[in-house]
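> after the sequence you'll find the predicted model.
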Amino acid sequence: MSTYGIDLGTTYSCIARLDSNGNPEVIRNNEDDSNTVASVVFFENENNVVVGQAAKENVETDGERVVQFVKREIGKRDTRTYEFDGKTYTPVEISALILTRLKNLVEAQGGTIEDVVITVPAYFGLEERSATKQAGELAGLHVLSLINEPTAAALSYCARQFQEDRTILVYDLGGGTFDVTVVKMSMTQNSSGRDVQKITVLATGGDDRLGGKDWDDRLFNYILHACCDENGLTPEDIEAETRQDIRGKVEEAKRKLSKKQSAKVRIDVNGSRTEINVKRTDFEQMTSDIVAKTMNFVDATLEKVPNVEIDTVLLVGGSTYMPMIKDAVEAKFPGKVQQHDPDQAVAKGAAIYASMLVEEVGSLSSAQGDDSSGETPHAEQLTSKFTVEDQTPRSFGPGVVDTTGAKHKYVLENFIKIGEKMPAVFSKTYYPLEDNQERVLLRAFENMSTDDTLIPCVDEDGNPQATDPAHNVKLLGELVVNLPPNTSRDTPIKVTFKVDASGVHVEAVNTKTDETFETFLRTESDIDVERSAVHQLRISSD
Ligand code: ADP
Ligand code: MG
């Protein structure tokens, strides 16, 4: 099999495939004796770039030559870049280096890798998605598709114990992010009329700055203070080398505490060896507020789907190895919690999905008389059971003027709402704001709201301005619609938004002249700075 699933994580990445029995298996990272690869890149010198645990070990000593958490930067509008030895790297290029390391794991074990599915957080917008795909291609991979991380986790869970019509809450606590997602499996018919389970994302929530690192930081402070107490010092007395020593040992101690009741940490405190014994009960006490914080996000996400009953809670992400997490979730959802290889479940689900996709192609080509060998019975079973629907990761719509009230309001009309089946298309007719208007600068926005309209969606300078910051309104670009001389304010202009996996397409048609406008300006510098109201469309025809 040359088909793989990749979990390109914020702190750790993982690659998996289906074994000859059709069961998902992770490709071991023998160099680090781990199932995962740290998503950390160290630019040692011009000729040597290191990815993984060895790179992570340089964070304290050579921090300025280390890049981590690059997933937070990928596909962002004002992309930051990294410069080393006269070369500039974009987040896409850094991500490609991590993907190349995963690819090398396969090749080092004699495998070949062709088609892959890469996972992304459910809340990723289209730009983050296309940047992730680009990173895959740059690493020489053929990206069959992307899949949402919680959907992949649900798939790998269902491959273990299939149950129809479930609503699953995925609690994914990684190294730097916490994602809560409610996914629903429901019966539907696929294109060939067969009954299949459709996996749909119902709600997402969480915090992209909350994860295992917060537990590391607490433990770091605890050990630092214990070192001071042991040696009669104050934190200010502690030398940089000692701090580095603690930093380097904290994560390992945390992992030990997931298995044992206590962990011994040996630190060289300003030259004198000190042994600190950390008890699990103390660790749990010093971090109980962060656990509670994650549970608040669970509540907030559940509030978005008030009528939904959760059947199963899936614990995903390396940080859910900490027993305190399972305890807290169990207390809230007694008897419903499931945890299976939490740091590998997402990659395994992606591997299942990848083979489902290849399987579909295989069955198509076999229908045409081709030989579709290399199938696995298990994957075949799954293909007939599931369909993963591509859903819009955001809501999309234009900014237009509402002239019905005493005062004009600039509003965002959501054409396509988050969670709709892709490709999604919607059109609406608007009118120039004034007679003899020369042109329209139609702004397209993405956001996280499910409301029909958002008011106001921009400030006076035309910058996105959400009524609720959680709506995350973002300007995608601007469509220039030129109007012929003497255009009346009653001229209908039909605006169409189409969203598919490759992005958002905006089109406007002057229905009087049949002229179509598609030139969509995406970058800030191309967008016309002149944001006068005379360049707007209005909602109603009166
Ligand atoms: P990502 O954040 O990239 O999604 P993971 O889901 O693999 O990555 O989570 C990584 C986090 O899990 C790190 O903070 C790591 O320290 C933590 N972790 C991994 N294994 C354990 C363990 N046994 N006990 C506690 N924390 C763990
Ligand atoms: Mg993850």
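Sure, I can see it. Ligands and ions are numbered 1, 2, ... in the order given.
> wait, what's in contact with the residue nearest to Thr294 when sequence neighbours are not counted?
Once flanking residues are discounted, Thr294 sits nearest to Phe178: 5.6 Å by Cβ to Cβ, 6 or more residues apart in numbering. Where C-beta positions appear, they are placed from N, C-alpha and C, glycine not excepted. Phe178 makes contacts with 172, 206-208, 210-211, 294, 297, 317, as judged by Cβ atoms under 8 Å, 6 or more residues apart in numbering.
> ok, which stretches of this protein are helices?
Ranges of helices within the chain are 53-56, 91-108, 126-138, 149-160, 212-231, 240-259, 280-286, 288-303, 323-332, 345-367, 377-383, based on DSSP state H.
> which of those helices sits most buried?
helix 149-160 (a mean of 26; mean count of other Cβ atoms under 10 Å).
> anything in it sitting right up against ligand 2?
No: applying Cβ under 5 Å from the ion, one finds that helix 149-160 is not in contact with ligand 2, the shortest distance being 6.0 Å.
> enumerate every residue touching the nearest residue in space to Glu284 that is not next to it in sequence.
Spatial nearest neighbour of Glu284, excluding adjacent residues (Cβ to Cβ, 6+ apart): Met324 at 4.7 Å. Applying Cβ under 8 Å, 6+ apart to Met324 gives the contacts 284, 287-288, 291.
> how close does the most centrally placed residue in the chain get to Tyr12?
Centroid-nearest residue in the chain: Pro121, 2.1 Å away (criterion: Cα atoms, centre = their mean). Remark: distance between Pro121 and Tyr12 (Cβ to Cβ, to the nearest Å) = 14 Å.
> what are the contacting residues of stretch 480-493?
Against stretch 480-493 from outside (Cβ under 8 Å, 6+ apart): 429-442, 508-513, 517, 519, 521, 528, 537-538, 541.
> which residues touch stretch 262-278?
Contacts of stretch 262-278 (Cβ under 8 Å, 6+ apart): 219, 222-223, 226-227, 230-231, 233, 237-239, 241-242, 245-246, 249-250, 253, 256-257, 279-280.
> export that stretch as PDB, just CAs?
The C-alpha trace of stretch 262-278 is given here as PDB (Å, rounded to 0.1, in the frame of the first residue of the first chain):
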ATOM      1  CA  SER A 262       5.300  10.300  41.300                       C
ATOM      2  CA  ALA A 263       8.300  11.300  39.200                       C
ATOM      3  CA  LYS A 264      11.800  12.100  40.300                       C
ATOM      4  CA  VAL A 265      13.500  14.900  38.500                       C
ATOM      5  CA  ARG A 266      17.300  15.500  38.900                       C
ATOM      6  CA  ILE A 267      18.400  19.000  38.300                       C
ATOM      7  CA  ASP A 268      21.800  20.700  38.500                       C
ATOM      8  CA  VAL A 269      20.900  23.800  40.500                       C
ATOM      9  CA  ASN A 270      23.700  26.300  40.000                       C
ATOM     10  CA  GLY A 271      26.200  23.400  40.200                       C
ATOM     11  CA  SER A 272      24.700  21.400  43.000                       C
ATOM     12  CA  ARG A 273      22.700  18.200  42.200                       C
ATOM     13  CA  THR A 274      19.200  18.300  43.500                       C
ATOM     14  CA  GLU A 275      16.500  15.700  43.300                       C
ATOM     15  CA  ILE A 276      12.900  16.800  43.200                       C
ATOM     16  CA  ASN A 277      10.100  14.300  43.700                       C
ATOM     17  CA  VAL A 278       6.800  15.400  42.100                       C
END
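> can you list the buried residues in it?
263, 265, 267, 269, 274, 276, 278 (16 or more other Cβ atoms under 10 Å).
> quickly name whichever of those residues is closest to ligand 1.
Comparing those against ligand 1 with Cβ to the nearest ligand atom places Ala263 closest, at 10.8 Å.
> in the stretch 251-400 of the chain, what residue lies closest to ligand 1?
Gly318 (2.4 Å).
> one step back: any chance of the contacts of Met324 in TSV, plus distance to Gly111 and pLDDT?
Output for the contacts of Met324, formatted as TSV (distance: Cβ to Cβ, whole Å; pLDDT from 0 to 100):
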residue	distance to Gly111	pLDDT
Glu284	41	98
Thr287	40	98
Ser288	44	98
Val291	39	98
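> farthest-separated two in those?
Glu284 and Val291 (8.1 Å; Cβ to Cβ).
> just the pLDDT for Leu442.
As predicted, Leu442 sits at a pLDDT of 90.
> oh, I was asking about Met448
So Met448 comes in at 85 (pLDDT).
> quick check: Thr403 vs ligand 1, distance?
Look at Thr403 and ligand 1: by Cβ to the nearest ligand atom, to the nearest Å, they are 48 Å apart.
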